[in-house]
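*Asks:* give me coordinates for this.
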Amino acid sequence: METKKTETSWVAIDNNYEEVKLDVMLGLAVKRLRGGKNMTQVELAKQAHTTQGWISLVENGKRNKRPSLSTLSRVACALGLSALSELIRFAEKMIDTNKSLEEIEASFSQ
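*Replies:* Here you go, the predicted structure:
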C-alpha cells in the first residue's frame, strides 16, 4: 500500500489552532460565567432551551462540531449578557490576558 506524501500548510494549522483555542475558551467562558452566577448546568440549560449534556460538552470542549450561533446566543442571554458578541469578547479576553474573572468582568462594565 502506497502512502501519499502531502505538504502541510502551517497557515492552515495555525488558523485551525486559533479556532480550536477560541472554541475551548468559549466553553471555559460559559463555565466561568455560569459559576460566577452560582448556576448549575441544568439551570443554564433550562434557561437557554438546551440540554445539560450540551452545556457540559461545550464547557469541556468535547463537542465534535461548533455550537450554532442561535444556541450560543441563548446561552449568552441566559448568562445575563446582552449579546453573543459579549460572550465572544469575554472568551477572547481570556485568551489574550492572564486576568482574573473579576478583572475581565470589570472591563465589560466600563
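
*Asks:* could you give the mean pLDDT of the helix or strand encompassing Leu22?
*Replies:* Using DSSP states H and E, Leu22 sits within helix 10-36. In this model, helix 10-36 has a mean pLDDT of 71.

*Asks:* what does stretch 57-66 give?
*Replies:* 79.

*Asks:* one step back: next structured bit after the helix holding Leu22?
*Replies:* helix 41-48.

*Asks:* pLDDT on that following helix, on average?
*Replies:* 97.

*Asks:* got the angle for the following helix or strand past that helix vs helix 41-48?
*Replies:* Once the chain leaves helix 41-48, the next helix or strand it forms, by DSSP H and E, is helix 52-59. Going by axes from the mean of the first three to the mean of the last three Cα atoms, to 10 degrees, helix 52-59 is angled at 100 degrees with respect to helix 41-48.

*Asks:* for Cys77, identify the helix or strand it belongs to.
*Replies:* Residue-wise, Cys77 maps onto helix 69-78 under DSSP H and E.

*Asks:* contacts for that helix, please.
*Replies:* For helix 69-78, the surrounding residues in contact (Cβ atoms under 8 Å, 6 or more residues apart in numbering) are 26, 30, 44, 47-50, 54-55, 58, 83-84, 86-87. In short, each C-beta sits where N, CA and C put it, glycine included.

*Asks:* could you dump those residues to TSV with distance to Ser70 and neighbour count?
*Replies:* Shown next, in TSV, are the contacts of helix 69-78 (distance: Cβ to Cβ, whole Å; neighbours: other Cβ atoms under 10 Å):
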residue	distance to Ser70	neighbour count
Leu26	15	26
Val30	15	25
Leu44	16	23
Gln47	15	15
Ala48	10	20
His49	10	11
Thr50	10	19
Trp54	13	17
Ile55	15	26
Val58	14	25
Ala83	13	11
Leu84	9	18
Glu86	16	17
Leu87	13	20
